[in-house]
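K.L.:
requesting a structural model of the entry that follows:
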Amino acid sequence: EVGMANEVERSALLTMYAWRGYAFTEQENFLTEGKKQLAATQRALETARKHAEAYPKLVALKENVQNAQDRVNTYVRLSEQTETLVNAMHGDREAMNAAAASYMENCGAFLSNMNEALEKEIADGAEADKLKERVWKITSINDIIDLGNDTRIKAWRAQALRDLKLVDEAMQNFTKMEAQFSKLAPTVRNPVNVKQLEATQKAGGDYRLAMLSLQKHWTELDGINVQRTKVGVEALDSAQKTATAGLEQTQNIADQAVSNLSSASTAMIGGLSVGVLIGIFTAVFLTKGITGPVSKGVQF
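P.N.:
Modelled structure (predicted):
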């Protein structure tokens, strides 16, 4: 009973370690190990359950095995949710990367066109107001680029530092982006540049949606992590209670054995003492019974 409880506890600890590692690092080797140890825990519980059925007197084992099995069943469900959320977060990051690439590509193309147009206007001797407008467009698109870079940096810092507050800070940049787009869009007349600006604005919106999705899945995963740890600790507690009860029963059996051995030793010593006395009495009796008549015969 104690050995089985220890096996359940050992497997459960390894399971919790692996799943915690997977939720934290999202590495596949932790996922593989987590599933392996979870299966080992299930097998250990099944062995303990059969042992409890074979020996009904092991009441603590039967009760705690059922409690542990209930917790493990819940742990399995939470582990599946953990894997689903981690995969969803992978998808969110891919969407963020694709949106960021489109954002920067279209911003870069727009900026390049603005610089070329500025050089041409300078060469053609364009009026100062026209040149100022072109410079303002270049400044505006650079501001939009800076906001995009700042948003990406904050998003990755949030993940590196595991700080969701940085995501909230990054979200504030989208309001600033929209303000820049609202000012810049009416001044853009070239159809090519209009499409570039619209594509940039759409990419920014896509990045925002992907980051919101990441934030949502991340928050859910944090909640699942707390639940999974709580359930794992409860399963460990059931295994520890079984081991403690088994050790107490083993100690009681050992104490009873010592008591029985002491009683048996006392009885054995008493029996040997009585046996020795009987042996001496018998020896004296037999000796007198034999030598008495012989002495009388000799005297006769």
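K.L.:
distance between stretch 146-161 and the chain's centre?
P.N.:
Relative to its chain's centre, stretch 146-161 lies at 26 Å (C-alpha atoms, centre = their mean, to the nearest Å).
K.L.:
and the contacts of that stretch?
P.N.:
96, 100, 103-104, 107, 163-167, 169-170, 173-174, 176-177, 180, 204, 207, 211, 214 (C-beta atoms under 8 Å, 6 or more residues apart in numbering). Where C-beta positions appear, they are placed from N, C-alpha and C, glycine not excepted.
K.L.:
let's go with 10 Å and repeat that
P.N.:
With contacts defined as C-beta atoms under 10 Å, 6 or more residues apart in numbering, stretch 146-161 is touched by 89, 93, 96-97, 99-100, 103-104, 107, 163-177, 179-180, 200, 203-204, 207-208, 210-211, 214-215, 218.
K.L.:
could you do stretch 36-49 as well?
P.N.:
1, 3-19, 58, 61-62, 64-66, 68-69, 71-73, 75-76, 79, 232, 235, 238-239, 242.
K.L.:
sort out for me which of those are in helices.
P.N.:
Among these, the residues falling in helices (DSSP state H) are 3-19, 61-62, 64-66, 68-69, 71-73, 75-76, 79, 232, 235, 238-239, 242.
K.L.:
out of the residues you listed, which end up buried?
P.N.:
With burial judged by 16 or more other C-beta atoms under 10 Å, the buried subset of the ones in helices among the contacts of stretch 36-49 is 4-9, 11-16, 18-19, 61-62, 64-65, 68-69, 71-72, 75-76, 79, 232, 235, 238-239, 242.
K.L.:
got a list of what Arg71 touches?
P.N.:
12, 45, 230-239.
K.L.:
quick check, pLDDT for the closest residue in space to it that isn't next to it in sequence.
P.N.:
The shortest distance from Arg71 to any non-neighbouring residue, by C-beta to C-beta, 6 or more residues apart in numbering, is to Ala235 (3.9 Å). If you check Ala235, the pLDDT there is 90.
K.L.:
against Leu61, how distant is Ala235?
P.N.:
15 Å (C-beta to C-beta, to the nearest Å).
K.L.:
give me the low-pLDDT residue ranges for this protein?
P.N.:
Counting by pLDDT under 70, the chain contains low-confidence residues at 246-248, 250-255, 259-260, 263-264.
K.L.:
show me where it has helices.
P.N.:
2-25, 28-54, 59-123, 128-161, 165-184, 191-299.
K.L.:
so who does Lys137 touch?
P.N.:
Lys137 neighbours (C-beta under 10 Å, 6+ apart): 110-111, 113-114, 117-118, 183-184, 187-188, 193, 197.
K.L.:
which ChimeraX command selects the buried ones in the residues you listed?
P.N.:
Per 16+ other C-beta under 10 Å, the buried members of the contacts of Lys137 correspond to this ChimeraX selection:
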select :110,111,113,114,117,118,184,188,193,197
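K.L.:
dump the contacts of Lys137 to a markdown table, plus distance to Leu31.
P.N.:
A markdown table is the format used below for the contacts of Lys137 (distance: C-beta to C-beta, whole Å):
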| residue | distance to Leu31 |
| --- | --- |
| Phe110 | 43 |
| Leu111 | 43 |
| Asn113 | 47 |
| Met114 | 48 |
| Ala117 | 53 |
| Leu118 | 53 |
| Lys183 | 48 |
| Leu184 | 46 |
| Thr187 | 52 |
| Val188 | 48 |
| Asn193 | 47 |
| Leu197 | 43 |
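K.L.:
and of the contacts of Lys137, the nearest to Ile144?
P.N.:
Of all those, Leu184 has the smallest distance to Ile144: 7.6 Å, by C-beta to C-beta.
K.L.:
so the closest one versus Leu78, what's the distance?
P.N.:
Here the distance between Leu184 and Leu78 works out to 48 Å (C-beta to C-beta).
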